[in-house]
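> Here is my input, please return the structure:
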Amino acid sequence: MLEAILVGETKTRGAARFFAMSFIGIFSFFVTFELSGKDTFLVNHVVGWVRVGLAPVMKYIIFINAIISILDLYIRRARFFRNGANIFMSTAKMVGFVLLTMVVFNVGPGFLLADGVGPTVLFKILIPITITVVIAALFLPFLLDYGLIDFFGVLARPIMRPVFKAPGISAVIAVSAFLGNFSIGHIAVDMLQRNGRLTLRESVLIGTGFCTVSVGFLMLLSSSFGLGEHWNFYFWTAFLITILVTIVQARIWPTSAKPDECMEGCTPNLEKEFKADLFKNAYHEGVTVAQNQKSLISRETIILKETLLIVAAFATGVNFFAVAGILINQYTPLIQYFAYMFHPLLMLIQIPAADILVASQACAISFLDVTLPMIVAAQGGEMAMATRYVMAVVPVSAIIFLSGFIPCIMSTSIRVSLLEMIVIWFERIILTILIAGIFALLYF
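Residues are numbered from 1 along each chain as shown. As a prediction, this is how the structure comes out:
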């Protein structure tokens, strides 16, 4: 009798924990409200407050992160210098540290300290994403650790597994990344993989196929490309095209070749499969996870430690790749030459001949940074609406870019190499151009 009472009390505490933590998680990431003239969700509000409050010292915080990154390279040198790819990335981080030091203390060559190069990378990329990653990581336990993602994972699995070859929990990650940004998705995938919730293949697929730019950035693209009158069409088709491209990506190399096994050193805790009573089983899974999870303080401590190492590596890696990408675009014709390969695809989807040169350059340069196609378009003059639509969809659906996305994902435990990401980007941009071209032909 006493045992039954204790079990009942435990389940009641588990249910209370599940509902309370889930409410905070949903409110933090999915409920938008206006505050100080800004309409967004709680995590983004907090990011904005921190960004304003720490503005005078943020560049020094980034510099401290960079020092931690270099110390980590030395302490774990056996890991970071074990093969050619790791040596390249580690060298890039060391060069990135030197470049960052020059920018922070305003000492160095003019081409690096120019407004559009070093300072832009520091203030427009490094600082916003670093703050977002840390703040999001502190709120993510409410979303990931106390049953909410398990509840929706059971419900979404019948769709996600056969269509995307991914677990149901990836649907929640996709939505949180889409409402926030790719870094929120990366940190979530990293946590789940370390806890044995995702296999190596699933982590790569979710990290490179669902973690795209935020809704806010889509609004910026829509405005920049003059698609304001077609916002609903642009928003929903960009989201749909991203999904369709990911369905294909899941079935081709290199994503499909990744092993369906958990990360070495972690205990597998993969998603269960239920054939019936989905809602009942989803609720049971959520309550059970909440009931057995460690305390919030314990989880926050572990997550904060892991996240600080990620943002440290991010500080040096992003700085190198972003600066290198900007300089390559400014001082070499490589992007123009690379753009020629997209001419046949753009001709195939009937982009006007007068627009093909600008459109192809926008597609090519999106690999360096998702904001650069807007600059190319602004310099291109008048273009057909179909051209502008395709150019606005490419940065969203291609997902991968050098200045922020690649260093961010490579700072986590997600096992995908630089070469593999280049291949995935190329696959995704080809599919994006073709599918977006079909939508453009049907609509405009």
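> Please count neighbours and contacts with C-alpha atoms only from this point.
OK.
> how near is residue 85 to residue 45?
Noted for residue 85: a distance of 38 Å to residue 45, by Cα to Cα, to the nearest Å.
> These two - which one has more neighbours?
residue 45 (19 against 14; other Cα atoms under 10 Å).
> for the stretch 301-444 of the chain, which spans come out with low pLDDT?
Applying pLDDT under 70 to the stretch 301-444 of the chain flags the ranges 379.
> Going by residue numbers, what spans are helices in it?
Assigned by DSSP state H, counting those that start in this stretch, the stretch 301-444 of the chain shows helices spanning 334-339, 343-348, 353-365, 372-379, 385-398, 405-410, 418-443.
> can you list contacts of the second one?
Spelled out, that is helix 343-348. With Cα atoms under 8 Å, 6 or more residues apart in numbering as the test, helix 343-348 has contacts from 353, 356, 357, 359, 360, 430, 433, 434, 437.
> residues contacting the residue lying closest to residue 342 once chain neighbours are set aside?
Nearest residue to residue 342, sequence neighbours excluded (Cα to Cα, 6 or more residues apart in numbering): residue 360, at 5.5 Å. Neighbour list for residue 360: 339, 340, 341, 342, 343, 346 [criterion: Cα under 8 Å, 6+ apart].
> Dump those to a markdown table, plus neighbour count and distance to residue 367.
Listed next are these as a markdown table, based on neighbours: other Cα atoms under 10 Å; distance: Cα to Cα, whole Å:
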| residue | neighbour count | distance to residue 367 |
| --- | --- | --- |
| 339 | 19 | 11 |
| 340 | 14 | 15 |
| 341 | 13 | 14 |
| 342 | 19 | 13 |
| 343 | 16 | 16 |
| 346 | 23 | 17 |
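> Tell me how many other residues surround the closest residue to residue 279 other than its chain neighbours.
Of all residues not flanking residue 279 in the chain, residue 155 sits nearest, at 6.8 Å (Cα to Cα, 6+ apart). Residue 155 is flanked by 21 other residues according to other Cα under 10 Å.
> Counting by contacts, list what whichever helix or strand residue 155 is part of packs against.
According to DSSP states H and E, residue 155 maps onto helix 148-164. Contacts defined by 3 or more Cα pairs under 8 Å, 6 or more residues apart in numbering; DSSP states H and E place helix 148-164 against helix 2-30, helix 127-144, helix 169-179, helix 231-249, helix 278-292.
> now that helix against helix 127-144, angle please.
100 degrees (axes from the mean of the first three to the mean of the last three Cα atoms, to 10 degrees).
> what's residue 147 in contact with, if anything?
18, 22, 285, 286, 287, 288, 289, 290.
> between those residues, which is nearest residue 95?
residue 22 (42.6 Å; Cα to Cα).
> How much space separates the spatially closest residue to that closest one that is not a sequence neighbour from residue 256?
Distances taken as Cα to Cα, 6+ apart place residue 148 nearest to residue 22, at 5.4 Å, with adjacent residues excluded. When distance is defined by Cα to Cα, residue 148 is 28 Å away from residue 256.
> which of those two has more neighbours?
Set residue 148 next to residue 256 and count neighbours by other Cα under 10 Å: residue 148 wins out with 28 against 17.
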